[in-house]
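Peer 1: Build the 3D model from these lines:
(one chain, ligands or ions: 1)
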Amino acid sequence: MGARTSTETKPRRNRPTAHKANRDDWNMRKTGGLQILTACQLVDLDWLAHGFSTRPGGASELQLSPGRRSEHVLNLGFTDWDGRRNVLRNREEFASCLGAHEMRLLALRQVHSDIVQGIHSAPSESPLQGDALFTREPGMLLTVQTADCIPILFADTRARAIAAIHSGWRGTLRRIAEKTLGRMRMEFGTRPEDVVVAIGPGIGGCCYEVGHEVAKEFASQFRQAREWFEGPFTAIAAGDSDPNWLPWLTMAPPGHAPEPPRVHLNLIAANRAILVDAGVRPQRIAVSGFCTSCRTDLFFSYRRESETGRMMAAIGIRGKSQTKRKAKSER
Ligand SMILES: [Zn+2]
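Peer 2: Numbering: from 1, shown residues only. Reported below is the predicted structural model:
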């Protein structure tokens, strides 16, 4: 491991929350008591409706801790603590804020897989199982739910096809974003250079501590995995699970047992790099830069809160009449 180890084991205060985030590429729109995050590159496409939901507003009441006041939140997932009616009402309100109230909202039963569902007509089975959806059909609002995992939206500007992807560490490890691109290429002739990508709010490298197994799995799958981790990644990847961890021992104060070495994973950087490797132009990938765990005022974080809500990332193709209406209203 040599020289690498010493720099890796130095604890760092300010870890980057995301890779090359540029807030100018994003817009936080307040509408009807909700705040919707949109990516400017997707807003520019008049044939699309899209948005990433945030926490405030909504019909759901989340009790932060016993004895404390409850908070009104826009929970868009069917969780144990919330009623189905609230969630459906929230989903309706969210869709209408996107100008997509006439679209059919398609949600997945997400299983942290690399299953990609192509939608060619309204599916009879509901909800579909998997972690990515793509289509070329107008009137379908493709959604994924997250509370730390990375939501990703695609728009192929040439073939006019779209996708919504849920990518946690398992999905990232299995390259779900790249596989979705592959399916779109197979079915619609999508070329990576024509695809605009928006990577929404998710847990940042600042907060996402993962176990040795995760680091080892990434090391086995990606030559550049080292770049996505903070901490003694190289030592872990090399299979060094010696409990004595010399560098850590020397850092521990006398009389204290050494802390087990930890690594942090930057899933946003990983997904971005996977897409660039697959041929997507770096300047066409917008990264929101928000860490869900750092910003529980704006987002839900399962890691940080455990009992919490779900956000949605949504994208849909407008029908011809809707596209005209949108163009008119913006004139
Ligand atoms: Zn964070």
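
Peer 1: tell me the centre residue of the protein?
Peer 2: Ile150 (1.7 Å; C-alpha atoms, centre = their mean).

Peer 1: Tell me if I'm right that it and Gly202 touch.
Peer 2: Yes - assessed by C-beta atoms under 8 Å, Ile150 is found in contact with Gly202 at 3.8 Å. Yep, even glycine has a C-beta here, placed from its N, CA and C like the rest.

Peer 1: Next one: the residue nearest to the centre of the chain from the ion, what distance?
Peer 2: 13 Å (C-beta to the ion, to the nearest Å).

Peer 1: same question, His264
Peer 2: Applying C-beta to the ion, the value for His264 to the ion is 9 Å.

Peer 1: Enumerate every residue touching the residue nearest to the centre of the chain.
Peer 2: His166, Ser167, Gly168, Thr172, Ile199, Gly200, Gly202, Leu267, Ile268, Asn271 (C-beta atoms under 8 Å, 6 or more residues apart in numbering).

Peer 1: re earlier: give the residues shared as contacts by Ile150 and Gly202.
Peer 2: Counting by C-beta under 8 Å, 6+ apart, the residues touching both Ile150 and Gly202 are Leu267, Ile268.

Peer 1: what is the mean pLDDT for stretch 323-331?
Peer 2: Mean per-residue pLDDT for stretch 323-331: 61.

Peer 1: Contact residues of the stretch 151-300 of the chain facing the ion?
Peer 2: Gly204, Cys206, Cys207, Cys291, Ser293, Cys294 (C-beta under 5 Å from the ion).

Peer 1: Dump these into JSON lines; add secondary structure, pLDDT and neighbour count as well.
Peer 2: Formatted as JSON lines, these follow (DSSP: H, G, I helix; E, B strand; the rest coil; pLDDT from 0 to 100; neighbours: other C-beta atoms under 10 Å):
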{"residue": "Gly204", "secondary structure": "coil", "pLDDT": "97", "neighbour count": "27"}
{"residue": "Cys206", "secondary structure": "coil", "pLDDT": "96", "neighbour count": "19"}
{"residue": "Cys207", "secondary structure": "coil", "pLDDT": "97", "neighbour count": "17"}
{"residue": "Cys291", "secondary structure": "strand", "pLDDT": "98", "neighbour count": "27"}
{"residue": "Ser293", "secondary structure": "coil", "pLDDT": "97", "neighbour count": "21"}
{"residue": "Cys294", "secondary structure": "coil", "pLDDT": "97", "neighbour count": "17"}
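
Peer 1: Tabulate these in CSV, adding columns for distance to His50.
Peer 2: Shown next, in CSV, are those (distance: C-beta to C-beta, whole Å):
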residue, distance to His50
Gly204, 22
Cys206, 26
Cys207, 26
Cys291, 21
Ser293, 24
Cys294, 24
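
Peer 1: out of those, who's nearest Thr234?
Peer 2: Cys206 (20.5 Å; C-beta to C-beta).

Peer 1: The closest one against Cys294, yeah?
Peer 2: Yes - look at Cys206 against Cys294 with C-beta under 8 Å: they come within range, at 6.2 Å.

Peer 1: all strands of the stretch 151-300 of the chain, in order?
Peer 2: 161-167, 195-199, 209-210, 229-230, 263-265, 285-287 (DSSP state E, counting those that start in this stretch).

Peer 1: Sorry, wrong one. I was asking about the stretch 1-150 of the chain.
Peer 2: 26-31, 34-39, 48-53, 56-63, 70-73, 104-106, 108-109, 116-119, 128-129, 132-135, 140-146, 150-156.

Peer 1: in the last one, what's buried?
Peer 2: Right, strand 150-156. Within strand 150-156, the residues that count as buried by 16 or more other C-beta atoms under 10 Å are Ile150, Pro151, Ile152, Leu153, Phe154, Ala155, Asp156.

Peer 1: Which single one of the residues you listed is nearest to Ala286?
Peer 2: Nearest member of the buried residues of strand 150-156 to Ala286, counting by C-beta to C-beta, is Leu153, at 9.4 Å.

Peer 1: So what's the residue count around Val197?
Peer 2: 27 (other C-beta atoms under 10 Å).

Peer 1: which residues touch the closest residue to it other than its chain neighbours?
Peer 2: Nearest non-adjacent residue to Val197, counting by C-beta to C-beta, 6 or more residues apart in numbering: Ile285, 4.4 Å away. By C-beta under 8 Å, 6+ apart, the contact list for Ile285 reads Val197, Ile199, Arg272, Leu275, Val276.
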